[in-house]
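Undergrad: Please find the sequence and the predicted model below.
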Amino acid sequence: MSAIVCSHVAKSYGATTVIRDLNLSIEDHEFVVFLGPSGCGKSTLLRMLAGLEDISGGEVSIGGKVVNDLDPGDRGIAMVFQNYALYPHMTIFDNIAFGLKRQKVPKAEIQQRVQAVSKTLGLEPYLGRKPAELSGGQQQRVAIARAMIKTPKVFLFDEPLSNLDAKLRNHMRVEIARLHQSLKTTTVYVTHDQLEAMTLADRIVLLRDGRIEQIGSPAEIYERPGNLFVAGFIGTPNMNFIDVTVGRSGNQWTLTAAGTVFSIEGSRFSLGGIEQAVLGIRPPDLKTAAHDDGRNLLQGTADLIEFHGNDALVTFSLGGKEISALVPSRECPAIRSRVRYTIDETSIHLFDAKSGVSLLR
């Protein structure tokens, strides 16, 4: 078993607290991604799991064993860093085998294990080369192979794709996903790239200022963000936010903003006692309105259009606030033209203006 449990974990540097009373359980064989903005504590937390940072408070266990005072080499983990950290004077074979040689593993077993891991990662043609003769993606595969060959209980990845260009990042992301599917090793992966998080994770742990904002599957966090921070951080392009006044009109609830009134049935939300709210709408959920459609409209003048291939991002102003709609390219308006979009109640989000907490039931 290689489950990870963090119980009331804290990390401070003098008077500065980086991780605050954090509680987290990671299941055996699970792929968990630590996601968040720069400075949120995700890499610090990973390094505490690895034993590269002391734990100021609380307890960390791996496989049911408390590891607070264990050296990194005794924790059953392998770590892959953003920097490949390969030995430039050694061949790829020797780089991969380095840890086994230090453990005085027999040569025949080293040969067998290097060949096996090289085959898994497609490195067999490069074993006689030096790192400088490989591309960035190939070097990162070597770093992963060096970690894999230890047969660890837990893989820790610290932004391993940050140094690669976009095409290589996409390729390596697929490689890491396939690797996890075949090995089923418990994996913790740190990134600030939400695309990596959404495509790789079984669960995402979204952090801010050393605290967990939300934990859930990529679909849960995207579809049911728990607060304004989560809603604004997850999703590309970013969610639109509109300050609204909440009212009642017969059997309907009204949301009023900048002279625009939205009418909703409201059963999806807990609106009792709420006077001010924030309406959240993802750009793909804004639909081009028909000529005779006059309900729940967002309209303005298109002042910026970004062509994305199949789609176009149209930006217009509503009461001095920029709103974006992601529409099929065939529906792309002309710049400076009048645009009209409608929203469906089933796709909107509402947040308490004071606390920022989601009002979704």
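TA: Cool, got the structure. Numbering: from 1, shown residues only.
Undergrad: what comes up buried for stretch 183-202?
TA: 185-194, 196-198, 200-201 (16 or more other C-beta atoms under 10 Å). In short, each C-beta sits where N, CA and C put it, glycine included.
Undergrad: Straight-line length of that stretch, end to end?
TA: 15 Å (C-alpha to C-alpha, to the nearest Å).
Undergrad: hmm, which helix or strand of this structure has the shakiest average pLDDT?
TA: The weakest-scoring helix or strand in the chain, judged by mean pLDDT, DSSP states H and E, is helix 166-183 (a mean of 86).
Undergrad: Show me which parts of it are buried, residue by residue.
TA: Using 16+ other C-beta under 10 Å as the test for burial, helix 166-183 gives Leu168, Arg169, Met172, Arg173, Glu175, Ile176, Leu179, His180.
Undergrad: how far away is the most centrally placed residue in the chain from Val33?
TA: Computing the C-alpha centroid of the chain and ranking residues by C-alpha atoms, centre = their mean puts Ala197 first, at 3.2 Å. Using C-beta to C-beta, to the nearest Å, Ala197 is found at 4 Å from Val33.
Undergrad: Quick check, pLDDT for the residue of the chain positioned farthest from its centre.
TA: The outermost residue of the chain relative to its centre, with distances by C-alpha atoms, centre = their mean, is Gly250 at 42.0 Å. Gly250 is assigned 84 on the pLDDT scale.
Undergrad: any idea how far it lies from Glu265?
TA: Distance from Gly250 to Glu265, by C-beta to C-beta: 11 Å.
Undergrad: how close does the residue farthest from the centre of the chain sit to Gly266?
TA: Going from Gly250 to Gly266 by C-beta to C-beta gives 12 Å.
Undergrad: Repeat that for Asn68.
TA: From Asn68 over to Gly266 (counting by C-beta to C-beta), the distance is 49 Å.
Undergrad: One more: Thr187?
TA: Distance, Thr187 to Gly266, using C-beta to C-beta: 41 Å.
Undergrad: correct me, but Thr199 touches Arg178?
TA: No - with contacts counted by C-beta atoms under 8 Å, Thr199 stays clear of Arg178, the gap being 12.0 Å.
Undergrad: Can you tell me the closest non-neighbouring residue to Val230?
TA: Distances taken as C-beta to C-beta, 6 or more residues apart in numbering place Gln214 nearest to Val230, at 4.9 Å, with adjacent residues excluded.
Undergrad: My guess is that neighbour contacts Leu228. True?
TA: No - look at Gln214 against Leu228 with C-beta under 8 Å: they stay out of range, at 11.5 Å.
Undergrad: and Asp165, how many neighbours?
TA: For Asp165, the neighbour count with other C-beta atoms under 10 Å is 12.
Undergrad: In contact with it, which residues?
TA: Contact partners of Asp165, counting by C-beta atoms under 8 Å, 6 or more residues apart in numbering, are Gly136.
Undergrad: Could you measure from it over to Val327?
TA: 29 Å.
Undergrad: how about low-confidence regions in the stretch 101-250 of the chain?
TA: Within the stretch 101-250 of the chain, no stretch has pLDDT under 70.
Undergrad: residues in contact with the residue nearest to Ala85 when sequence neighbours are not counted?
TA: In space, and not counting its chain neighbours, Ala85 is closest to Ala143: 6.8 Å by C-beta to C-beta, 6+ apart. By C-beta under 8 Å, 6+ apart, the contact list for Ala143 reads Val80, Phe81, Tyr84, Ala85, Leu86, Pro160.
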